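Q: prediction below, plus the sequence it came from.
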Amino acid sequence: MTSWPHEPVLVVGAGPVGQTTALLLARWGVPSVVLDKRPARDLVGSKAICQQRDVLDIWASVGAGEQIAAEGVTWTTARTFHRADELFAHTFADAGSSPFPPFVNLSQSRTEEILDERIAAEPLIDLRWGREVTDLAEHPAPFTVLCTGAAGALRRTLGVTFDGFSFDDRFLICDIRTDLPGWATERRFFFDPEWNPGRQVLVHPCPDGTFRIDWQVPADYDLDAEAASGALDRRIRAIIGDRPYEIVWKSVYRFHSRIASRMRVGRVLLAGDAAHLVSPFGARGLNSGVADAENAAWKIAHVGYGWAPEELLESYHAERHAAAAENLAVTTATMDFLVPPDPERAAHRADVLARAAVDPTARAHVNSGRLAEPFWYHDSPLTTPDPSRPFGGRPPRGEVPPAGPGVLVPDVPLPGESYISTPRVGRFDAAGGPVRLRELAREGFLVLLTEGADRAVADAAARAVAAPVRVAPLDATAAAALGARPGEAWAIRPDAHVAAVVRSTELETALRRALGHPTEGDRPCRTTTASATSPRSATPSTAAPTGASTPRS
Ligand SMILES: Cc1cc2nc3c(=O)[nH]c(=O)nc-3n(C[C@H](O)[C@H](O)[C@H](O)COP(=O)(O)OP(=O)(O)OC[C@H]3O[C@@H](n4cnc5c(N)ncnc54)[C@H](O)[C@@H]3O)c2cc1C
């Protein structure tokens with residue numbers, strides 16, 4: 001593989017999004033320096049616990065997904081209750097045959113440890129603690145990914161605003177170790193239970209006999225006072241009865257709905273909580289941050305190696321800002337149901353919950369959070385639309401959209417040999433045997449041809465774009481999973497999203513578009529959805545080690 005022709009990429013922040021970014025860059029052979037202001041990793045608390053299937057798949061591409069999945073608690077059913085009545089339970093569809101379950105629960109601190117182990121084994125990552133980045137100066141820099149979490153100083157330096165609002169209500173989080181028979185593999189959501197009247201409670205199973213209980217509590221909630229008075233014990237016992245328990249971690253967490261006005265400023269990309277904050281109902285925070293990391297890594301690699309023009313970076317903003325806006329819309333709708341902002345919506349909620357016990361049509365309107373899902377880039381400047389596969393909009397809860405332009409390709413096993421023999425790029429496991437479609441897709445652009453597609457024309461298109469593109473036949477199993485028809489070429493991006501479904505003769509244009517090249521008749525990559533500052537190149541300057549961590553905002 002070509003060696004990286006630039007300075008290492010700077011990743012600011014070694015939270016889970018910064019860790020994932022560095023690991024994914026290394027997978028492309030891209031070195032990085034990761035700077036974090038904390039003196040060392042402080043493995044405190046469970047924080048973001050729900051890891052979604054497609055995120056496990058991204059982590060699998062850096063050798064961590066299988067371990068996170070194995071150590072986490074697999075759950076497949078989400079149950080919703082109103083007071084003492086169960087309203088409904090739903091499970092999660094998989095359009096393919098992913099090796100991963102829909103969700104596993106593992107504490108964020110353990111996930112970070114596992115990612116640290118991968119980083120320690122990765123010579124291309126230079127992780128330095130106690131390094132606070134204090135400014136971003138104009139410089140013909142290589143690339144920078146800001147994964148600084150909610151902290152805002154560097155965003156402001158870039159002229160990026162973080163618009164939105166913060167909710168008054170707080171979350172009381174207690175991780176307790178106890179024995180709750182029947183609760184160990186299900187998420188339970190309680191509306192208005194008698195032990196938290198007027199508010200919600202969420203219970204998630206975690207490894208080692210631990211349960212994560214989240215109570216929605218008022219703005220003036222005082223955890224210390226409640227712990228001292230014995231009220232916290234009574235609160236826990238109202239749920240678990242008189243069985244023994246131990247508190248593993250407790251915290252009060254305030255949630256926010258905010259989105260950065262720009263996610264790309266020159267060669268600086270913002271990812272994770274640095275770019276968006278959402279209420280945790282739906283587990284869309286960390287999961288979407290990992291998708292940011294993947295989107296950023298393949299685009300930085302392609303631009304840096306000269307396989308794609310600089311404009312490809314603008315598509316990072318276009319795609320991930322749209323994903324963040326979708327997450328905000330979904331979580332805001334949930335919050336409006338959970339904490340109605342006006343009497344009209346309060347009456348709606350009361351009516352829906354009252355009817356849902358007996359009326360199945362009302363259940364569809366009960367909003368206890370729409371769980372994390374990959375975003376669909378159907379409207380991206382990189383995507384070639386297919387009029388015969390129009391995007392049908394946000395699918396029903398728990399379902400995935402049919403495979404087509406912009407959508408994450410379903411995973412299916414492939415007969416290894418015919419694919420493995422194609423040229424390989426990057427640093428990937430070269431072992432033979434069966435492979436998964438997603439694994440293969442993540443090695444570079446992949447073009448899969450159905451019967452009747454012109455192979456010679458497709459090969460010529462792949463050569464013409466001067467980027468790593470492999471062309472391979474699509475076998476019958478995979479074709480069925482994709483809903484592919486004869487004579488089609490499926491162009492799949494390195495993050496396993498479908499870029500185009502076209503005839504071979506249209507493939508070169510579609511590949512050029514997917515790489516960010518301007519193509520005739522296309523709108524430019526720049527979007528108008530955010531109040532943009534003028535992009536400029538910037539690189540961080542660092543302060544001496546601070547020796548102390550800064551409290552989270
Ligand atoms: C108490 C608590 C409970 C939570 N519960 C949930 C939950 O239930 N569900 C959920 O989805 N999410 C939850 N979250 C949010 C979740 O933890 C975040 O979404 C996740 O950590 C985001 O990862 P990140 O890497 O983007 O940012 P972070 O994890 O915040 O990491 C940012 C890193 O950047 C470093 N940094 C910041 N500024 C600088 C600088 N200038 N220079 C160098 N380094 C810098 C910080 O030290 C930090 O290590 C919770 C968060 C908290 C605090």
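A: Sure, I can see it.
Q: shaky segments in the stretch 401-550 of the chain?
A: With pLDDT under 70 as the threshold, the stretch 401-550 of the chain has low-confidence stretches at 416-434, 521-550.
Q: try 80 this time
A: 415-435, 520-550 (pLDDT under 80).
Q: residue 96 - how many residues pack around it?
A: For residue 96, the count of nearby residues is 19 (other C-beta atoms under 10 Å). Quick note: C-beta positions are derived from backbone N, CA and C, even for glycine.
Q: chain neighbours aside, what residue packs nearest to it?
A: Nearest residue to residue 96, sequence neighbours excluded (C-beta to C-beta, 6 or more residues apart in numbering): residue 410, at 3.1 Å.
Q: residue contacts, that neighbour?
A: Residue 410 is in contact with 94, 95, 96, 400, 403, 437, 481, 482, counting by C-beta atoms under 8 Å, 6 or more residues apart in numbering.
Q: what distance do you get for the first one to the ligand?
A: Right, the one you point to is residue 94. Residue 94 sits 22 Å away from the ligand, going by C-beta to the nearest ligand atom, to the nearest Å.
Q: and that residue, what pLDDT?
A: pLDDT recorded at residue 94 is 72.
Q: wait, doesn't it sit right on residue 102?
A: Yes - between residue 94 and residue 102 there is a contact under C-beta atoms under 8 Å: 7.2 Å.
Q: can you check the pLDDT for residue 239?
A: Note for residue 239: predicted pLDDT of 93.
Q: ok so it is a strand residue?
A: No - Residue 239 is assigned helix when assessed by DSSP: H, G, I helix; E, B strand; the rest coil, not a strand.
Q: following element in sequence after the helix ranked longest in the chain, please.
A: Ranked by number of residues, the top helix in the chain under DSSP state H is helix 311-338. The helix or strand immediately downstream of helix 311-338 is helix 343-356, counting by DSSP states H and E.
Q: elements contacting the helix or strand following that next one?
A: Once helix 343-356 ends, the next helix or strand along the chain (criterion: DSSP H and E) is helix 360-363. Using 3 or more C-beta pairs under 8 Å, 6 or more residues apart in numbering; DSSP states H and E, the elements in contact with helix 360-363 are helix 343-356.
Q: circling back to that earlier point, shared neighbours, residue 94 and residue 102?
A: Overlap of the contact sets of residue 94 and residue 102 (by C-beta under 8 Å, 6+ apart) consists of residue 53.
Q: neighbour count: the two, which is higher?
A: A count of neighbours by other C-beta under 10 Å puts residue 102 above the other of residue 94 and residue 102, at 23 against 15.
Q: mind checking pLDDT for that one?
A: So residue 102 comes in at 88 (pLDDT).
Q: now it: how far from residue 91?
A: The gap separating residue 102 from residue 91 is 8 Å, by C-beta to C-beta, to the nearest Å.
Q: overlap in contacts, those two.
A: Taking C-beta under 8 Å, 6+ apart as the contact rule, residue 102 and residue 91 both touch residue 76.
Q: need the pLDDT of the residue located most distally from the centre of the chain.
A: Relative to the C-alpha centroid of the chain, counting by C-alpha atoms, centre = their mean, residue 229 is the outermost residue, at 39.8 Å. Here the pLDDT value assigned to residue 229 is 97.
Q: related to what we said a few turns ago, okay if I get the contacts of residue 410 as a markdown table plus secondary structure?
A: What follows is the contacts of residue 410, written out as a markdown table (three-state DSSP):
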| residue | secondary structure |
| --- | --- |
| 94 | coil |
| 95 | coil |
| 96 | coil |
| 400 | coil |
| 403 | coil |
| 437 | helix |
| 481 | helix |
| 482 | helix |
